[in-house]
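**Q** Generate coordinates for the sequence data below:
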Amino acid sequence: MANQNIIHLTNDSFDAMIRNDKPVLVDFWAAWCGPCRMLAPAIDELADDYKDRIQVCKLNTDEQEAIAIRYRIQTIPTVMLFVGGDIVEKSIGLVPKEDLEDMIDRHLA
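**A** Here you go, the predicted structure:
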């Protein structure tokens, strides 16, 4: 069952979403990626834990190639945190949920 607190981005919806009033966490992933599947439960938990403070999104790099190319995504999973449309932090590879929480917490008022 899909998490209702996660928005699945497309090439068309990406730019508007990252300019959100709240910080936006974007998980760049692909269906064939084992580490991406391992990270998915942590992304789901973050979407629930921070639902009132940030927007959590996923972008499938195979299906939305233009955005993956624009942001030079060469390794997945890559997780980026955007504030006001700008990347403020990113994490590459499989990392513990706590590392992502720390990244988010550094940018919450």
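**Q** buried residues in the longest helix seen in the chain?
**A** If you go by DSSP state H, the chain has its longest helix at helix 34-49. Residues 36, 39-40, 42-44, 46-47 are the ones in helix 34-49 that count as buried (16 or more other C-beta atoms under 10 Å). C-beta here means a position set from N, CA and C on the backbone, and glycine is covered the same way.
**Q** out of everything not next to it in sequence, what's closest to Phe14?
**A** Closest residue to Phe14 in three dimensions, ignoring its sequence neighbours and counting by C-beta to C-beta, 6 or more residues apart in numbering: Ile67, at 5.0 Å.
**Q** quick revisit: chain center to the longest helix of the chain, what's the gap?
**A** If you compare the mean C-alpha spot of helix 34-49 with that of the full chain, they lie 10 Å apart, counting by C-alpha atoms, centre = their mean, to the nearest Å.
**Q** what's next to that helix, contact-wise?
**A** Taking contacts as C-beta atoms under 8 Å, 6 or more residues apart in numbering, the residues outside helix 34-49 that touch it are 3, 5-6, 25, 27, 29-30, 56, 58, 76-77, 79, 93-97, 100-101, 104.
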